[in-house]
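# Just a sequence and a predicted model for now, questions to come.
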Amino acid sequence: MQKQFIGFIFALLLISFQTEAQHLQLVSPEKVGMDSKRLKNADKAIKKAIADKEIPGAVLAVVKNGKMAYLKAYGNKQITPTTVSMDVNTVFDLASVTKPVATAISAMVLIERGELRFLDKVNLFIPDFAAWTDSTGRKKDIRVIDLMTHTSGLPPYAPVNELEKKYGSPNPDGMIEYISTCRRDFEPQTNFQYSCLNYITLQRIIETISKQNLRDFAKQNIFDVLGMNHTNFQPKGETLRRTAPTQRTVPTGQVHDPLARVMNGGISGNAGLFSDANDLAILAVALLNNGEYNGKRILSPLGVNAMRTIPRSVSTLGRTPGWDIFTPYASNNGDLFSPNTYGHTGYTGTSMVIDPDNDIAVILLTNRAHPDDAGDAIRLRSLVANAVAASIIEIK
């Protein structure tokens, strides 16, 4: 009996060690050429936003040279019906950060396997998907790259209540039927318009090729590979227990975005992924290290480079295949990081910023939608990015 007990304790310790081993090495900012005193300016900005009731709380992670240089929690992850303090292991509804982290990287995995091309027409995979047509009848097909760079001309969103009434919910097939025939606002590659419909369509392409849903494909090919143990759609168990609530009308652990929640049942290319700062830091290191972390590879160096490069055909429009470099939505990148900095934001108050030139990433996760969808993290993201950038005192 004693041996069994000791064995049980050893097994628990081993599991705990393996879980913790997935976290990045935490070092002092000075170890990676940063000034901890200057980093406190980020603390001040976040604490002011909390005091001004712009956000209930936040978690900030700064990754530098492959290590965690700063990891801190602020304020509360819940303020009603009871108050619960924020901690660094809190899981957040990533909202649109789902687009690059799950959907775009999944598409790149298929591209690297030789199963998909940027130039593939959408109707190769969704036969009824209509082309753009002008008043004279001239047509131009929408392609995969147009979806990934938000240059397809698809509308920004869709009327959820109308779709639910027509198709019932959840109904991913009904969602795709609507997108396939809805209006196209402009000729592909002539303009930029941020659209959740682009990434719901990309999701369907990924699922058609892989014959897996997006949740399973991303988990198998990205999150499990890197050891991102608390990143998934439809969180359950310990991940759900760690999750911060969003708007009080949405149950904790269900995605806030209506299209993702109502029509796609929580697994959606535009939103629905949940994660924490530690997991996103691992992903950031993998991307900064040409697709590899801890001996595990999710993308090739050329694949990572393609994901962070604006295609020549839309070079003036600011979007890469998955990330934002200089559209009006890119203010989270701040003012001081390099011109090659890329990132993405989420409606719930989440943000990732990655500067490959300075080997640094800033992950700012807030629950600004809690409790009444009245908060605002837009300005805060820029302030934090600037404070972190200014704390770099050693340049390679």
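Done, it's in.
# can you give me the strands for the stretch 51-200 of the chain?
With strands called from DSSP state E, counting those that start in this stretch, the stretch 51-200 of the chain shows them at 57-64, 67-78, 84-85, 92-93, 132-133, 139-140.
# model confidence over the longest one, on average?
Looking at strand 67-78 alone, the average pLDDT works out to 98.
# which other helices and strands contact it?
Secondary-structure packing of strand 67-78 (3 or more Cβ pairs under 8 Å, 6 or more residues apart in numbering; DSSP states H and E): helix 36-51, strand 57-64, strand 84-85, helix 277-288. In this view, the C-beta of every residue, glycine as well, is placed from N, C-alpha and C.
# count of neighbours near S135?
By other Cβ atoms under 10 Å, the residues close to S135 number 5.
# Against I310, how distant is it?
30 Å (Cβ to Cβ, to the nearest Å).
# re the thing from before, could you identify which of the helices and strands packed on strand 67-78 is most buried?
strand 57-64 (a mean of 27; mean count of other Cβ atoms under 10 Å).
# how about the CA coordinates for it, as PDB?
Only the C-alpha atoms of strand 57-64 are listed here, as PDB (Å, rounded to 0.1, in the frame of the first residue of the first chain):
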ATOM      1  CA  GLY A  57      -8.300  43.300 -15.200                       C
ATOM      2  CA  ALA A  58      -5.500  42.100 -17.500                       C
ATOM      3  CA  VAL A  59      -2.600  39.800 -17.900                       C
ATOM      4  CA  LEU A  60       0.600  41.000 -19.600                       C
ATOM      5  CA  ALA A  61       3.300  38.700 -20.900                       C
ATOM      6  CA  VAL A  62       6.500  40.000 -22.600                       C
ATOM      7  CA  VAL A  63       8.500  37.400 -24.500                       C
ATOM      8  CA  LYS A  64      12.100  38.400 -25.400                       C
END
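# How far away from the center of its chain is that strand?
Mean-position distance between strand 57-64 and its chain equals 15 Å (Cα atoms, centre = their mean, to the nearest Å).
# Quickly run through the sheet partners of that strand, with directions.
Its sheet considered, strand 57-64 pairs with strand 67-78 (antiparallel), strand 360-366 (antiparallel) by DSSP bridges.
# which residues touch P29?
D35, S36, L39, V62, K64, A69, Y70, S391 (Cβ atoms under 8 Å, 6 or more residues apart in numbering).
# Just give me the closest of those to S275.
V62 (16.7 Å; Cβ to Cβ).
# picking up where we left off before, and of the strands of the stretch 51-200 of the chain, who's closest to A284?
strand 57-64 (5.0 Å).
# average pLDDT for that closest one?
Averaging pLDDT along strand 57-64 yields 98.
# where exactly do the helices run in the stretch 151-300 of the chain?
Taking DSSP state H, counting those that start in this stretch as the test, the helices found in the stretch 151-300 of the chain are 160-167, 172-181, 196-210, 214-218, 224-226, 237-241, 258, 277-288.
# Take the ones you listed and write them to CSV, including mean pLDDT and distance to T103.
Below are the helices of the stretch 151-300 of the chain laid out as CSV (pLDDT from 0 to 100; distance: least, Cβ to Cβ, whole Å):
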stretch, mean pLDDT, distance to T103
helix 160-167, 98, 19
helix 172-181, 98, 14
helix 196-210, 99, 5
helix 214-218, 98, 7
helix 224-226, 98, 16
helix 237-241, 97, 20
helix 258, 98, 18
helix 277-288, 98, 14
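# Among those helices, which comes closest to M148?
helix 196-210 (6.6 Å).
# Using PDB, write down the CA coordinates of the closest one.
Extracted in PDB, the C-alpha atoms of helix 196-210 (Å, rounded to 0.1, in the frame of the first residue of the first chain):
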ATOM      1  CA  CYS A 196     -15.400  37.700 -40.100                       C
ATOM      2  CA  LEU A 197     -17.000  36.000 -43.100                       C
ATOM      3  CA  ASN A 198     -13.500  35.600 -44.700                       C
ATOM      4  CA  TYR A 199     -12.300  33.400 -41.900                       C
ATOM      5  CA  ILE A 200     -15.500  31.400 -41.600                       C
ATOM      6  CA  THR A 201     -15.100  30.600 -45.200                       C
ATOM      7  CA  LEU A 202     -11.400  29.700 -44.700                       C
ATOM      8  CA  GLN A 203     -12.500  27.400 -41.900                       C
ATOM      9  CA  ARG A 204     -14.800  25.500 -44.300                       C
ATOM     10  CA  ILE A 205     -11.900  25.100 -46.800                       C
ATOM     11  CA  ILE A 206      -9.600  23.700 -44.000                       C
ATOM     12  CA  GLU A 207     -12.300  21.300 -42.900                       C
ATOM     13  CA  THR A 208     -13.100  20.200 -46.400                       C
ATOM     14  CA  ILE A 209      -9.500  19.400 -47.200                       C
ATOM     15  CA  SER A 210      -8.600  17.900 -43.800                       C
END
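# Who are the packing partners of that helix?
Short answer (3+ Cβ pairs under 8 Å, 6+ apart): helix 196-210 packs on helix 105-112, helix 144-148, helix 172-181, helix 214-218.
# can you pull the buried residues of that helix?
The neighbour-count check on helix 196-210 (16 or more other Cβ atoms under 10 Å) flags 196-207, 209-210 as buried.
# and of those, the nearest to N367?
C196 (20.5 Å).
# Spit out the contact partners of the nearest residue to the closest one once chain neighbours are set aside.
Nearest non-adjacent residue to C196, counting by Cβ to Cβ, 6 or more residues apart in numbering: N270, 3.8 Å away. Contact partners of N270, counting by Cβ under 8 Å, 6+ apart, are 96, 98-99, 103, 196-200, 203, 257, 259-260.
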